[in-house]
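**Student:** Structure of the sequence below:
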Amino acid sequence: MAIAASHPRNTLASLGLILSALSLLPVVLAQKPAPTSTPVAATTPAPPHATAPVPASLAMDMNRLRDIRPRLQELVDRQQVPGVVYLVAHHGRIAAYDAVGMANIEAVMPMYKDSIFQIMSMTKNFTGVAAMMLVEEGKIDLKSPIEHYLPEFKDILVEEIAADGTVTIRPPTSKPTVWQLMDHTSGLAENPGGDLEDNPRTLRVPLAEAVKFYGTTRLKFEPGTRWSYSNMGIATLGRIIEVVSGQDYITFITDRLLKPLGMKDSSFVAPLEKRDRIALVYKHVDGKLVRSGSEVLAGDPAFYRAGAQYPAPEFGMYSTAADLFRFYQMLLNHGILDGHRYLSRQSVATMTQVFTPDVKPSGWMGGTGYGLTFEIVNQPEGTLLLHSPGTFGHGGAFGTEGSIDPKNDLIRIMLVQMSDGSAEIPRSIVMQMGAAAVLDGK
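**Tutor:** Numbers count the residues shown, from 1 in each chain. Alright, predicted model coming up:
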């Protein structure tokens, strides 16, 4: 446990704090083993399931990749972000993997490569893959109406508001389907209102009860005619997974994906023994970074969702860069990893084609469309982050981003925790520099 190995931002701590820590060092060493997390400035062994870095001569410009860290450090020094973890992998091998800044500013805790993040809407891809597993087992028909699995949606109506304020309420011409939940064209609202308006923050109402309430709401438009991001839609998909599998959502995701993939630090509950590895969430107030509180999705991050009843299939997962690499590599391998097949090649192909080509806008980045829970680059504007056409992935409410580029056999992951939408610059740095380092792209 060498304090000299800590990240340079530890120098922000007072001299008295440092001297105090040094004076206690012999006692600490005598009372407890060295921490499992290594400070970012130290040489950190790759996780057991990570692969060795790519040799410079093979496929990547290692100088370009090494420049990612100082670019991100500049953002940390300017208090644009508290800290970042990033990972770039090419041809199935990790080429760049590092961390900068702080996970907890108040506690002077550096960001580590194995820091745990609330990945928020990146969770949607796991829900989508889980649904496709059940499609392959003949338990879900993507073209079936939602009501086939959830009778509470049988009488759902469309509420249309004209430009002059006239309100029309009518049955939908066509019933909303399972696949429309996955590409956000079902007509369901983004988040619930009424008695469940607080649930995305308090997580007090279980999934079955929440989705039953969603069935009593009104669609915002005729299914299939518009794209409108819907957390309620993905939550409904999570409930369908429960109904057809006979398992609760968290158990299904854990048993069918997280455990077999070796995603040892991914979960929907923050284990007590790992809470000191969880990066807290920040926002800017008067130009300074301050902790976000109970106003954000999933509630105050420092409370670690204690007592939560709602699993949030749309935003509920905690994960790490190394764990996400495993999941993304499986998708890049057309559904297989380490000899184990999770999805068929055809299922991955179906999920990652655009289902909204004539629905504009559709997606967040611009130049993208939506597949089955994935955002996919399909227009020139989408390549401005140096994404190849066909690149797919997802971001999260706190600024996290994961990108899978089949054309260049490239994975890029950027993890940060900002609740005020100020994470675009670190995202751009990792996405652009990671892609620019590819030497053998097609």
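**Student:** sec struct for L257, please.
**Tutor:** Per DSSP: H, G, I helix; E, B strand; the rest coil, the secondary structure class of L257 is helix.
**Student:** Could you check how far the residue lying closest to Q353 once chain neighbours are set aside is from Q180?
**Tutor:** Nearest residue to Q353 in three dimensions, chain neighbours excluded: G371, at 5.7 Å (CB to CB, 6 or more residues apart in numbering). Bear in mind the C-beta positions are built from the backbone N, C-alpha and C, glycine included. From G371 over to Q180 the distance is 12 Å, taken as CB to CB, to the nearest Å.
**Student:** for S388, same thing?
**Tutor:** For S388, the distance to Q180 - CB to CB - is 27 Å.
**Student:** cool, P357 as well?
**Tutor:** Counting by CB to CB - P357 and Q180 are separated by 15 Å.
**Student:** now do L289
**Tutor:** The value you get for L289 to Q180, if CB to CB is used, is 39 Å.
**Student:** More neighbours: the two, which one.
**Tutor:** Set L289 next to Q180 and count neighbours by other CB atoms under 10 Å: Q180 wins out with 23 against 20.
**Student:** Regarding the more buried one, what is its secondary structure?
**Tutor:** Q180 - assigned by three-state DSSP - is helix.
**Student:** List the contacts of the residue lying closest to it once chain neighbours are set aside.
**Tutor:** Nearest residue to Q180 in three dimensions, chain neighbours excluded: S186, at 4.1 Å (CB to CB, 6+ apart). By CB atoms under 8 Å, 6 or more residues apart in numbering, S186 lies in contact with 146, 176-177, 180, 219, 223, 230, 233, 236.
**Student:** Which of those fall in strands?
**Tutor:** Counting by DSSP state E, the contacts of S186 place L219 in strands.
**Student:** so of the contacts of S186, which ones are in helices?
**Tutor:** Among those, the residues falling in helices (DSSP state H) are 180, 233, 236.
**Student:** now the nearest residue to I240 once chain neighbours are set aside: how far from V211?
**Tutor:** Nearest residue to I240, sequence neighbours excluded (CB to CB, 6+ apart): Y149, at 4.7 Å. Using CB to CB, Y149 is found at 10 Å from V211.
**Student:** Compare neighbour counts for the two and give me the winner.
**Tutor:** Between Y149 and V211, V211 has the larger neighbour count (other CB under 10 Å), namely 25 against 20.
**Student:** That one: helix or strand, and which one exactly?
**Tutor:** Assigned by DSSP states H and E, V211 belongs to helix 207-214.
**Student:** counting contacts, what elements does that helix pack onto?
**Tutor:** With contacts taken as 3 or more CB pairs under 8 Å, 6 or more residues apart in numbering; DSSP states H and E, helix 207-214 sits against helix 231-245.
**Student:** any idea where the strands of the stretch 1-150 of the chain begin and end?
**Tutor:** Counting by DSSP state E, counting those that start in this stretch, the stretch 1-150 of the chain has strands at residues 83-90, 93-104, 109-110, 117-118.
**Student:** need those in a markdown table with distance to E295 and mean pLDDT, can you?
**Tutor:** Below are the strands of the stretch 1-150 of the chain laid out as a markdown table (distance: least, CB to CB, whole Å; pLDDT from 0 to 100):
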| stretch | distance to E295 | mean pLDDT |
| --- | --- | --- |
| strand 83-90 | 21 | 98 |
| strand 93-104 | 19 | 97 |
| strand 109-110 | 23 | 98 |
| strand 117-118 | 14 | 98 |
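**Student:** Nearest to S245, out of those?
**Tutor:** Taking CB to CB, strand 117-118 is the member of these nearest to S245, at 25.1 Å.
**Student:** can you tell me how far the residue nearest to Q180 sits from V211?
**Tutor:** In terms of CB to CB, S186 sits 13 Å off from V211.
**Student:** Next, show the common contact partners of those two.
**Tutor:** With CB under 8 Å, 6+ apart as the test, S186 and V211 both reach T236.
**Student:** Just list the residues touching M317, thanks.
**Tutor:** 118-119, 122-123, 126, 266-268.
**Student:** do that again at 6 Å, thanks
**Tutor:** Going by CB atoms under 6 Å, 6 or more residues apart in numbering, M317 touches 119, 123, 268.
**Student:** circling back to that earlier point, Three-state assignment for the residue nearest to Q180, please.
**Tutor:** Going by three-state DSSP: S186 is coil.
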